[in-house]
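Visitor: fold the following.
(one chain, ligands or ions: 1)
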Amino acid sequence: MGNSTSKKDNVIHADIADGNEPIPIKVINNYNEKQPFPFQYGTEYRLSEKVKSLTYQPTESDGCNCVAECTSELCRCESSSTATFDTINRRMQTFIDSYTCGDHQYIECGQHCGCMAKCKRRLTRDTIMKNIEVRYKPDVGFTVIACQHIAAGMPIMNYIGNVVIQEELEKNLNAIWGTDYTFNFHNEGNHKFHCDAAEYGNISRFMSHSCDPNAYILKAFPSTPFDKSKIVIPKLVVIALRSIIPGNEITITYGASYFRDRDIPCLCYTFVCAIPPGIFNIATPHC
Ligand SMILES: C[S@@+](CC[C@H](N)C(=O)[O-])C[C@H]1O[C@@H](n2cnc3c(N)ncnc32)[C@H](O)[C@@H]1O
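Guide: Reported below is the predicted structural model:
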């Protein structure tokens, strides 16, 4: 398996996942003494009691009626999805537009489907099977780097954090990081659902923003009954948008409003950067 770490690298953590992932995840900082802000590593979504009471729990699911393998003509989960997963090569169909691919929704087969999820349409996993590391970059702080080739469409990891509603987020905002690690991923009725990775999460919390990202976050919904009375929230899966080679940073889009709301420039330095240094007249080392 590939590894981008060289002998000169200053490894400040041998495994930030504390043994929770099959492949240890190193943290490297070759520039200064900075450490990632302490957080609890986790591999599963942690739903607040309020979120549990509002949302549909997939264990009640009555999924698709397929037997053994699901087929695209018959499977209700497949036909309700707007994106197709190639179960043989385990790749999501690829999209050209990085800004709208996250709007797709994928319905996963589960244990309560007729196929009992043996159909391999299951996209989310509790562990990270890709070889990746976290590196410090002076401009953007700690960021996620691929140590192996990841083909376009491959699921990389689940985006993990505390799942809370807006009111809870406002009450419990981390004093230092505020909303820097929060992601508003679902709005329904009067409720805004956020995944808050400030104090609990996996390494997806370190992914930087790029205006030309090589990954996106897909919403993977559980299969549910037709007559659902509760809100169904998706799991979030980071998918490679294009081929990622060892040494590449794995980036997503935070949306331009992230930078506008904070009055900070984007330091992705891509040719298509929509929020380049200087746009808000802020002095940066590059102006
Ligand atoms: C979700 S955190 C990412 C992890 C963070 N770099 C760390 O060290 O913990 C988001 C923060 O990373 C930095 N960041 C990520 N991408 C950036 C970009 N394109 N331009 C400027 N800052 C960025 C900003 O400080 C932002 O508030």
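
Visitor: when you work out contacts or count neighbours from here on, use the C-alpha atoms and nothing else.
Guide: OK.

Visitor: so, low pLDDT: which residues of the chain?
Guide: Under the criterion pLDDT under 70, the flagged ranges of the chain are 1-5, 58-62, 98, 225-228, 276-287.

Visitor: quick one, helices of it?
Guide: 49-54, 76-80, 166-171, 256-262 (DSSP state H).

Visitor: pick the most buried one from those helices.
Guide: Most buried of those, by mean neighbour count (mean count of other CA atoms under 10 Å): helix 76-80, with a mean of 19.

Visitor: what's the closest non-adjacent residue to residue 259?
Guide: Distances taken as CA to CA, 6 or more residues apart in numbering put residue 265 closest to residue 259, at 6.2 Å, once the chain neighbours are dropped.

Visitor: wait, doesn't the one you found sit right on residue 256?
Guide: No. Counting by CA atoms under 8 Å, residue 265 does not reach residue 256; the two are 9.8 Å apart.

Visitor: what does the stretch 101-250 of the chain put close to the ligand?
Guide: Residues of the stretch 101-250 of the chain found near the ligand (CA under 6 Å from any ligand atom) are 140, 141, 142, 143, 180, 181, 205, 206, 207, 208, 209, 210.

Visitor: filter those residues down to the ones in strands?
Guide: Judged by DSSP state E, those include 141, 142, 143, 208, 209 as members of strands.

Visitor: and stretch 260-267, how far out from the chain's middle?
Guide: In terms of CA atoms, centre = their mean, to the nearest Å, the centre of stretch 260-267 is set 21 Å apart from its chain centre.

Visitor: what do you get for stretch 259-278?
Guide: That offset, for stretch 259-278, works out to 21 Å (CA atoms, centre = their mean).

Visitor: try stretch 57-74
Guide: Distance, centroid of stretch 57-74 to centroid of chain: 25 Å (CA atoms, centre = their mean).

Visitor: could you do stretch 155-162 as well?
Guide: 4 Å.

Visitor: with stretch 207-226 instead?
Guide: 6 Å.

Visitor: again with stretch 99-118
Guide: For stretch 99-118, the distance to the chain centre is 16 Å (CA atoms, centre = their mean).

Visitor: can you check stretch 134-143 too?
Guide: 18 Å.

Visitor: picking that back up, and the residue nearest to residue 259, how many neighbours?
Guide: Around residue 265 there are 21 other residues, counting by other CA atoms under 10 Å.

Visitor: then the one 4 residues further on?
Guide: Counted by other CA under 10 Å, the residues lying close to residue 269 total 14.

Visitor: list the contacts of residue 243.
Guide: Neighbouring residues of residue 243 by CA atoms under 8 Å, 6 or more residues apart in numbering: 149, 150, 151, 152, 214.

Visitor: how's the chain carved up into domains?
Guide: 35-125+151-202+209-244, 263-287 (automatic domain parsing).

Visitor: related to what we said a few turns ago, how about the residues of the stretch 101-250 of the chain next to the ligand in CSV, adding neighbour count and distance to residue 124?
Guide: Shown next, in CSV, are those (neighbours: other CA atoms under 10 Å; distance: CA to CA, whole Å):
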residue, neighbour count, distance to residue 124
140, 14, 28
141, 16, 28
142, 23, 25
143, 22, 22
180, 15, 24
181, 19, 21
205, 22, 17
206, 22, 19
207, 22, 18
208, 20, 21
209, 23, 22
210, 23, 24
